[in-house]
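Undergrad: How does the following fold in three dimensions:
(2 chains)
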Amino acid sequence: MQQDDDPRSEKQMEFVTLVAGGQSFCIEITQIREIRRWSPVTLLPHSPAYVLGVINLRGAVIPILDLAAKLGFSTITPTERHVIIITAIEERIVGLLVESVSEILGAQTDMVRETPKTEEDATTRAVDGIIPVGDNMIKIINLDALLQSSLATAA
Amino acid sequence: MTDSAILDAFFEECEDLLVALSDGLEDMREGRADGETVNAVFRAVHSIKGAAGAFSLDDLVGFAHTFETVLDEVRSDKLETDDELLRVLQRAGDILANLVDAARDDIPADRDQVDPVIAELQSFLGAEDLVEEEFVFEALSLSFDGDDSGARFVVHFRPGQEFYATGNDPALFIAALQALGPCEISVETSDLPEDFTGFTWNDGYLTWQVTVADQQNDLAIRDVFQFAEDLCDLQITEAHVDEPAPAIDIGLPDVVPTVDLTPVEPAPASDAPADTPAKTEKPAKRAASTLRVDPERVDRLINAVGELIINQSVISQRIDEAELPNSAELYGDLDDYKLLAREIQEGVMAIRAQPVKPLFQRMLRIGREAADATGKDVNLITEGEATEVDKIVVERLADPLTHMIRNAIDHGIETPEDRAATDKPQTGTLRLTASQRSGSIVIEIIDDGAGLNRKRIREIAINKGLITEDAALSEQEIDHLLFAPGFSTASVVTNLSGRGVGMDVVKTAITALGGRIAISSVAGQGTTFSITLPLTLAVMDGMIIHIGGQTMVVPIASILETIRPSPADIAEIGLSNHLLRIRGEYVPIIDLASRLGVTPNATSLTDRVLLLLQTESVSQCALAVDDILDQRQVVVKSMQGSYGEISGISGATILGDGKIALIIDPDAISAVPASEVNAQRKAQNEVSHATR
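TA: Numbering: from 1, shown residues only, chains lettered A, B, ... in the order given. Down below sits the predicted model:
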């Protein structure tokens, strides 16, 4: 809390980096509950393409979304090697299917750059900032923005 | 406790007091009242006033004061209880409840409503009563009544050998009683031996009699003796208010024993009933004692029980799969486990269950107000008040019921003149009933008014573009137009109903509770709305079915029977629609697979199983599924929080193998028009072709 208020100290943030649709993204670690291997889901009728179905996570019914499809890439054909990232924002828990999870990335707040203005699409709407790492550029996914558009229309 | 927590406690207590008030007034009106009834009514109003004073709720205090003054006159027989007075008291009770509601919602009181009633109340009071003394309140009279209304209890207390042997000291008990309120204490020494030859040093020879005044009930007193009750002879009886205290010594425990009183009975039991005529009433009051529990704790328990039931089905399934030899006993034990789990589940659900009584009383109030406002003469009757429903259901029913009661009075029941013109009794009757029927709660709102004006409903629906002018609708379908969004029949918007929310809101609320609403109406004789609600929201009996490789659940409540059709039972209509012939009737067959956009395992209907469903949209329909697997209790998990609503699906459950099964909503699945479903299915198929 105090760190936020103090402009002199840069906040240390941690992100989990992942690959979806062949590109690198990351999600802030505090929004991630756990990471699981893909397991078969129960299909939902009348659902959009990016909704894979629901799984039983210790007694709770959790929807699983295909992150690549959600971001406008082609859908992932899930196999044993794919990974589900269980995210939690406030009370809402959603699983995201991704191609792989790479590492935990520590970053100071001043390392995060604003997303350059481009033509808006499904990806840019859900990205709020980029982190340059070596030659690579990792896009930060804003789960709120990502899920707002998805679940509202799904419902 | 924070201020708001204390305030919450106050409002909770008000609820109880208002129920007591309402009960008492009801008894008075029915002529069942005795002195104690009036006292109870007075106490309720007095307690509300006292506590409201502590929170500076001035409107409430002012009104309660006038109300209480009139009740005091009634109590002391200075006022004759005639019909007029009873009417005003009833009205005052309603206003008091409204004021409590207003205070809770922190909105100003409606003076237009309150002032006339105050004036009416004051008209019963003589001039001297009107000189209002500035009333002063004890800071917190939350749990105790004022001095004038407390009962006195006589405690006969004779410690035995065991009592002393376990290190107890009578003086401490007496001191504890003194802490409860003013006490009169005497000691009975007649049991002491004449000489000390027969004296046992560690035996108890003394009997104390303590009269404790100012008690609401004997609970506090019993608490004092909680751990010693078995160790001594203890009698706690309520002393009649008019009688003088049986014991005379006003002194303290160390006062000189009054030896010469000597009634020979060693135990004071025999004379106890004599001076307690009010005793018979006590058990009833104690039975009403309740436990206030944080709902969150109950919810946690319910969740745990839900997991228990899932776990139970996991274990059953595992044992089935293991195919153990000599497992008869094991299956017996497993059945016991199942029964116990069910019992626990029902017990836990019962904690959440609440009688509909407070809800119904609130509705009576609203009904009376509506009748007053419309100038209609309505007799309101409630039945089945003791019926218990899940707490959430009770809470969420309040708005729909309010709306329906107002509607029934505003639109349903005619004006006295109109009624007289049609040879009906001038007073209309509105009945609000609750009953439990095989796993559901049925709430009915029955009026004996004019019945639905179907012609008018039709016209309005056409005007609002809900139906086309030439639409051929059955009576039932016309009735159901009432639930269409944006429908309101009152040509003049009254301040009662017609506030823009229509019956569609009622229907949405009922559906959200997993319930159904139906109308039946006979022209000139009245209208009945019946609401059917599930007993609990969390667990239901379901039929486990297979469809297109998926496992799903259909609520047993809506299944009439299951049929394996022979080719002769199935008739075709058009290219893709089928009808089931059953006992001379034709029932539409709905293919669940196509409704859900999945591919069924079997293509021919005769290879599948049909579930004959009773639904609200189509009275009956047959749902075609691939197979039936099992019938069992399932725990309902809502998906709306994490995903949102899915058409045709009401929720999900977790099966014994840990997989999720979706729960079919029979009403929604049978209601979706076929063309729309096909379009959706097509879109769905395209998407899945493109992506998978």
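
Undergrad: only C-alpha atoms for contact and neighbour calcs from this point on.
TA: Fine.

Undergrad: what's the next secondary structure element after the helix or strand of chain A with the lowest mean pLDDT?
TA: Ranking every helix and strand in chain A by mean pLDDT, DSSP states H and E puts helix A:2-5 at the bottom, with a mean of 45. Where DSSP states H and E defines the elements, the next helix or strand beyond helix A:2-5 is strand A:12-20.

Undergrad: Other residues contacting that next one?
TA: A:24-30, A:67-68, A:98-109, A:138 (CA atoms under 8 Å, 6 or more residues apart in numbering or on different chains).

Undergrad: what about the most far-flung residue of chain B relative to its centre, which helix or strand?
TA: Going by CA atoms, centre = their mean, the residue of chain B most distant from its centre is B:Thr197, 64.7 Å out. Using DSSP H and E, B:Thr197 sits within no helix or strand.

Undergrad: hang on, the earlier thing: from the contacts of strand A:12-20, keep the buried residues only.
TA: The neighbour-count test (16 or more other CA atoms under 10 Å in any protein chain shown) applied to these identifies A:24-29, A:67-68, A:98-101, A:105, A:107, A:138 as buried.

Undergrad: Now for the residues you listed: which two are most distant?
TA: A:Ala68 and A:Ala107 (24.2 Å; CA to CA).

Undergrad: got any ranges where the stretch 251-400 of chain B has weak pLDDT?
TA: Residues of the stretch 251-400 of chain B meeting the criterion pLDDT under 70: B:251-289.

Undergrad: hey, where'd the helices end up in it?
TA: Assigned by DSSP state H, counting those that start in this stretch, the helices in the stretch 251-400 of chain B fall at B:282-287, B:295-322, B:328-352, B:357-374, B:391-407.

Undergrad: Could you dump those into CSV with mean neighbour count and distance to chain A added?
TA: Formatted as CSV, the helices of the stretch 251-400 of chain B follow (neighbours: other CA atoms under 10 Å in any protein chain shown; distance: least, CA to the nearest CA, whole Å):
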stretch, mean neighbour count, distance to chain A
helix B:282-287, 10, 38
helix B:295-322, 16, 7
helix B:328-352, 15, 17
helix B:357-374, 20, 31
helix B:391-407, 19, 20
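
Undergrad: Residues in contact with stretch B:558-575: which ones?
TA: When contacts are defined by CA under 8 Å, 6+ apart, stretch B:558-575 is touched by residues B:578-582, B:605-615, B:666.

Undergrad: gap between B:Ile669 and B:Leu592?
TA: 8 Å (CA to CA, to the nearest Å).

Undergrad: count of neighbours near residue 16?
TA: Since you didn't name a chain, this refers to chain A. The local packing of A:Val16 (other CA atoms under 10 Å in any protein chain shown) involves 20 other residues.

Undergrad: you looked at the wrong chain, it should be chain B
TA: Other residues near B:Asp16 come to 13 when the count uses other CA under 10 Å.

Undergrad: and the gap between it and B:Asp191?
TA: B:Asp16 is 46 Å from B:Asp191, by CA to CA.

Undergrad: likewise B:Ile185?
TA: Plainly put, B:Ile185 is 18 Å away from B:Asp191 if you go by CA to CA.

Undergrad: between the two, which one's more packed in?
TA: The residue with more neighbours, out of B:Ile185 and B:Asp191, is B:Ile185; 24 against 17, by other CA under 10 Å.

Undergrad: surely the more buried one meets B:Ala213?
TA: No - between B:Ile185 and B:Ala213 there is no contact under CA atoms under 8 Å: 11.3 Å.

Undergrad: thinking again about what came up before, for the helices of the stretch 251-400 of chain B, which one sits closest to B:Ala420?
TA: helix B:357-374 (16.5 Å).

Undergrad: which outside residues touch that closest one?
TA: Here helix B:357-374 makes contact (CA under 8 Å, 6+ apart) with B:15, B:19, B:22, B:94, B:377-378, B:380-382, B:385-387, B:394, B:398, B:401-402, B:405-406, B:409-410, B:432, B:496.

Undergrad: Quick check, B:Ile441 in contact with B:Pro534.
TA: Yes - with contacts counted by CA under 8 Å, B:Ile441 reaches B:Pro534, the gap being 6.2 Å.

Undergrad: Now do the strands in chain A.
TA: Remark: strands assigned in chain A by DSSP state E are A:12-20, A:23-28, A:32-37, A:51-57, A:60-66, A:83-89, A:92-98, A:100-108, A:127-133, A:136-141.

Undergrad: Mind putting these into JSON lines with distance to B:Thr66?
TA: Formatted as JSON lines, those follow (distance: least, CA to CA, whole Å):
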{"stretch": "strand A:12-20", "distance to B:Thr66": "65"}
{"stretch": "strand A:23-28", "distance to B:Thr66": "63"}
{"stretch": "strand A:32-37", "distance to B:Thr66": "60"}
{"stretch": "strand A:51-57", "distance to B:Thr66": "60"}
{"stretch": "strand A:60-66", "distance to B:Thr66": "55"}
{"stretch": "strand A:83-89", "distance to B:Thr66": "53"}
{"stretch": "strand A:92-98", "distance to B:Thr66": "52"}
{"stretch": "strand A:100-108", "distance to B:Thr66": "69"}
{"stretch": "strand A:127-133", "distance to B:Thr66": "64"}
{"stretch": "strand A:136-141", "distance to B:Thr66": "64"}
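
Undergrad: could those strands go into JSON lines alongside mean pLDDT and distance to B:Ile510?
TA: Output for the strands of chain A, formatted as JSON lines (pLDDT from 0 to 100; distance: least, CA to CA, whole Å):
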{"stretch": "strand A:12-20", "mean pLDDT": "91", "distance to B:Ile510": "43"}
{"stretch": "strand A:23-28", "mean pLDDT": "92", "distance to B:Ile510": "40"}
{"stretch": "strand A:32-37", "mean pLDDT": "91", "distance to B:Ile510": "35"}
{"stretch": "strand A:51-57", "mean pLDDT": "88", "distance to B:Ile510": "27"}
{"stretch": "strand A:60-66", "mean pLDDT": "89", "distance to B:Ile510": "24"}
{"stretch": "strand A:83-89", "mean pLDDT": "91", "distance to B:Ile510": "30"}
{"stretch": "strand A:92-98", "mean pLDDT": "91", "distance to B:Ile510": "25"}
{"stretch": "strand A:100-108", "mean pLDDT": "89", "distance to B:Ile510": "45"}
{"stretch": "strand A:127-133", "mean pLDDT": "89", "distance to B:Ile510": "41"}
{"stretch": "strand A:136-141", "mean pLDDT": "90", "distance to B:Ile510": "39"}
